[in-house]
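J.: Dropping the sequence and predicted coords here.
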Amino acid sequence: MTNSELRDRLTNTIALLNVPGVGRVRFTRLSARLGSVETILAASISELESVPGISRTVASAIKQECDLDKARQIASRITQLGWAVMFQDSPDYPQPLVPLADAPPLLFREGDSFDPSDKMIGIVGTRHASESSRRFTRQLATELAREGITVVSGMAEGIDSEAHKGALEGGGRTIAVWGTPLNRVYPASNRQLAEKIRNQGAIYSEYLPDVESSPSNFPERNRIISGLSEGIIVVEAGRKSGALITAKYALEHGRELFAVPGPPGASRSIGTNALIKVGARLLTEVGDIFDELPRLKGQITAKKFRQMPDMTKQERQLVDLLAVGPLQLDNMSREAALPVSDLMELLLALELKGVVEELSGKRFVLREQ
């Protein structure tokens, strides 16, 4: 894509996303039905209305309230700032996000590009963390980084910041997902940390430059933290902690969920203890993560078969992937380079042959015969 083509596509995408009533989900529906953003903008009201979820009001707004001049100014500002721009079909767009119903149509990045081979774990928790939980988080992130695992968090004060710092100290890579534009560091006290993350990882945001942050941005960005990660660890969270929103997304996305227990009755641990009650994996050391997700450590846990049934070439490829232990559906889809719909057909065939079984969280594992 030439610079001119990139600028035009960015302008059109921003203009459509800024139309009242469009948003991420409707943008994705429009793209799935009509194709490119240029085609969407050129479509008639009746063509737009044919897309599920697009009312006449929204269709009319697309035709009448699409401000290309304003979008062009914003696109020019993004170019000036030097941000990496990612559409969902860009080579460096994080593929784990694509299957999400509300995946960002547009992402911005500072720092390294996304590496599909990265193994990622998200660590989140309260901004008002206890000293013991800060130390635990930092050590946990350091150990994960030394195992080659990328630590994902939101760079908020407290647990998030300790997770990033621990990963950096461990010589590893870390990703921060912001609820603010990339040119507005929040909290301002983390400017130095942000610079270190840019140099030893990446910062992602879906927000346009210079926009004022809304309190709703931070819960929204939590879906990206969950979507990027193979598992989410909640270290310390009160009854209404935003970290519990990330935990909710993790369950919706089929990610593994871990929670660090706290003292009974402690206000900072009410949320994490509640997560354990409803099925989150109790975590007290880094080994608990590898027990549940052995592929993160590269452990081989393939089952032994007395007699392997007849299988197609694609089915055998899936068996080879599962040789490292349980895999979540979206991760398997990415590694096998197969659409989820095709993958599910193959997994069903393997289940019927007694080779594979499904675990919680849309995870699959080889079955012992």
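T.: That came through fine.
J.: Report the contact partners of Arg239.
T.: Counting by C-beta atoms under 8 Å, 6 or more residues apart in numbering, Arg239 makes contact with 267, 270-271. In short, each C-beta sits where N, CA and C put it, glycine included.
J.: actually Leu107, not the one I wrote
T.: Contacts of Leu107 were listed using C-beta under 8 Å, 6+ apart, and they are 85-86, 93-94, 97, 204-206.
J.: Wasn't it part of a strand?
T.: Yes: assignment of Leu107 by DSSP: H, G, I helix; E, B strand; the rest coil places it within a strand.
J.: Assign the closest residue to it other than its chain neighbours to helix, strand or coil.
T.: The spatial neighbour of Leu107 that comes closest, neighbours along the chain excluded (C-beta to C-beta, 6 or more residues apart in numbering), is Met86 at 4.4 Å. Secondary structure state of Met86, per three-state DSSP, is strand.
J.: burial of Met86, as a residue count?
T.: Look at Met86: counted by other C-beta atoms under 10 Å, it has 22 neighbours.
J.: and what of the one 10 residues further on?
T.: Neighbours of Pro96 under the rule other C-beta under 10 Å: 24.
J.: Which stretches in the stretch 51-200 of the chain count as strands?
T.: Assigned by DSSP state E, counting those that start in this stretch, the strands in the stretch 51-200 of the chain fall at 84-87, 106-111, 119-124, 149-153, 174-177.
J.: Which residues does the fourth one contact?
T.: To tie it back to what came earlier, the one meant is strand 149-153. Outside strand 149-153, the residues that reach it (C-beta under 8 Å, 6+ apart) are 118-124, 141, 144-145, 159-161, 163-164, 166-167, 172-177, 201, 225, 228-229, 296.
J.: likewise the first one?
T.: Around strand 84-87, the neighbours that count as contacts under C-beta under 8 Å, 6+ apart are 6, 9-10, 13, 78, 92-93, 105-110, 113.
J.: in what helix or strand does the closest residue to Leu34 other than its chain neighbours lie?
T.: For Leu34, ignoring the flanking residues on the chain, the nearest one in space by C-beta to C-beta, 6+ apart is Ile40 at 5.0 Å. Secondary structure assignment for Ile40, by DSSP states H and E: helix 37-42.
J.: Mind giving me the packing neighbours of that helix?
T.: Packing partners of helix 37-42 (3 or more C-beta pairs under 8 Å, 6 or more residues apart in numbering; DSSP states H and E): helix 3-17, helix 23-34.
J.: Let's see that with 6 Å instead.
T.: Applying 3 or more C-beta pairs under 6 Å, 6 or more residues apart in numbering; DSSP states H and E, we find helix 37-42 packed against helix 3-17.
J.: Return the set of buried residues in the helix it packs on.
T.: Residues of helix 3-17 classed as buried under the neighbour-count rule (16 or more other C-beta atoms under 10 Å) are 7-17.
J.: From the chain's centroid, how far away is that helix?
T.: The chain centroid and the centroid of helix 3-17 are separated by 24 Å under C-alpha atoms, centre = their mean, to the nearest Å.
J.: State the mean pLDDT of the following helix or strand past the helix holding Ile40.
T.: Scanning forward in sequence from helix 37-42, with DSSP H and E defining helices and strands, the next element found is helix 45-49. Taken as a whole, helix 45-49 has a mean pLDDT of 94.
J.: And for stretch 161-171?
T.: Per-residue pLDDT values over stretch 161-171 give a mean of 96.
J.: And for it, what's in contact with it?
T.: Applying C-beta atoms under 6 Å, 6 or more residues apart in numbering, the contact partners of stretch 161-171 are 123, 134, 137-138, 141-142, 145-146, 151, 153, 174, 196-197, 200.
J.: closest to Phe258 among those residues?
T.: Using C-beta to C-beta, Ile123 is the member of these that sits closest to Phe258, with 9.3 Å.
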